[in-house]
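Engineer: kindly return the folded structure for what I paste below:
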Amino acid sequence: MKFTDRSKRILTKAEDIARVTTGLLYPVHILLAMSEEQTGVCAELNRSYPQLKDVLHEKINELYRVDSVEGTNIEPFMMKVSEATRQVLEIAEQRMHRYGQLVINEGHLADGIFRSDDPKTLEILKGLDVPGMHDIVCKARDMIVHLRNYIFPSNLNKQTTFRRAHPTDQIAIVDFVETQFGVGWVESIENGFAQEQIPIFLALEDEHIIGFACYDVSRNRKGIFGPMGTLKTNRSRKVGFTLLHLALNEMNEIGYEYAVLGEAGPLEFYEKACSAVVIPRK
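Structural biologist: The predicted structure follows:
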């Protein structure tokens, strides 16, 4: 299993908490570590539920003891974990694959905890605002990038061909999107081709599309970036990074003060790639 940097921090913190409480790592330790993380949607979880850390500590003291159970060895943990924790990671990995992603993030982990059928985990969650916490951590979130001082980066992919989509590309890109990501983005793609200057950028290798990025094609509103998608095999080669900045640079040149990244994911990619921040829920 591969994890985002934020998820790695959360899991490391969960181990630290487990060592001084139960000696075996349970799902509640991951949730508690998540509530103490001060970045991204976890920071919003902390702001929205400031008493969550104390409540979880109390429930650990009530429901768990120093455990002599053997437990299970599983990466990335150095200590043994409960069977319930192993199942949480399995659910998180399944969610990751379902969304066509390559690394497990905090939303996948939280979803695994909230979907757990482990009796003690269910007791931990009893009385908590699980739907509200799920909305904050697990659901797709809009992000914002301020463009006033935007600088087009130099560390782009230099090996792949990037260009604006031509009218003759429509059939090929619709086929690419349907094949790789389903039909949900097709309407947005068609909206882009209906415009005089098509706001869609393509990444190509050997004349085959391996990625795309759009802006001003969703929600019938201006200033929204997305959708964007690349082949899984190209996600470590800055294809998505380059497509993102081609679109952001043009949005900046148009004069947009900011860009909204609609239902962005994975969040950490955009945080690192363009200093995007999550728009808080009302």
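Engineer: tell me the backbone dihedrals of the residue nearest the centre of the chain, please.
Structural biologist: For the chain, Pro266 is the residue whose C-alpha lies nearest the centre (CA atoms, centre = their mean; 2.6 Å). Main-chain torsions, Pro266, degrees, to the nearest 10: phi -80, psi 140.
Engineer: could you pull up phi and psi at the closest residue to Lys2 other than its chain neighbours?
Structural biologist: Nearest non-adjacent residue to Lys2, counting by CB to CB, 6 or more residues apart in numbering: Val103, 4.5 Å away. (Each C-beta comes from the backbone N, C-alpha and C, glycine too.) With angles defined as degrees, to the nearest 10, Val103 sits at phi -130, psi 150.
Engineer: what is the burial count for Val103?
Structural biologist: Residues lying near Val103 (other CB atoms under 10 Å) number 17.
Engineer: coming back round to it: right, and the residue nearest to the centre of the chain touches Asp5 too?
Structural biologist: No: look at Pro266 against Asp5 with CB atoms under 8 Å: they stay out of range, at 10.9 Å.
Engineer: in the stretch 151-282 of the chain, which spans are strands?
Structural biologist: With DSSP state E, counting those that start in this stretch as the criterion, the stretch 151-282 of the chain has strands at 161-164, 200-205, 208-215, 224-230, 258-264, 277-278.
Engineer: distance to Tyr270 added to those, as TSV?
Structural biologist: Output for the strands of the stretch 151-282 of the chain, formatted as TSV (distance: least, CB to CB, whole Å):
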stretch	distance to Tyr270
strand 161-164	19
strand 200-205	16
strand 208-215	12
strand 224-230	9
strand 258-264	5
strand 277-278	9
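Engineer: to Gly71, which of the ones you listed lies closest?
Structural biologist: Closest to Gly71 of the strands of the stretch 151-282 of the chain, according to CB to CB: strand 277-278, at 34.7 Å.
Engineer: direction included, what does the closest one pair against?
Structural biologist: Note on strand 277-278: by DSSP bridges, its sheet partners are strand 141-146 (antiparallel).
Engineer: got the CA positions of the partner strand in PDB?
Structural biologist: Taking Å, rounded to 0.1, in the frame of the first residue of the first chain, the C-alpha atoms of strand 141-146 are listed here in PDB:
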ATOM      1  CA  ARG A 141     -14.000  19.200  -1.900                       C
ATOM      2  CA  ASP A 142     -13.600  22.400  -3.800                       C
ATOM      3  CA  MET A 143     -10.300  24.200  -3.500                       C
ATOM      4  CA  ILE A 144      -9.100  27.700  -4.400                       C
ATOM      5  CA  VAL A 145      -6.000  29.000  -6.000                       C
ATOM      6  CA  HIS A 146      -5.200  32.700  -5.800                       C
END
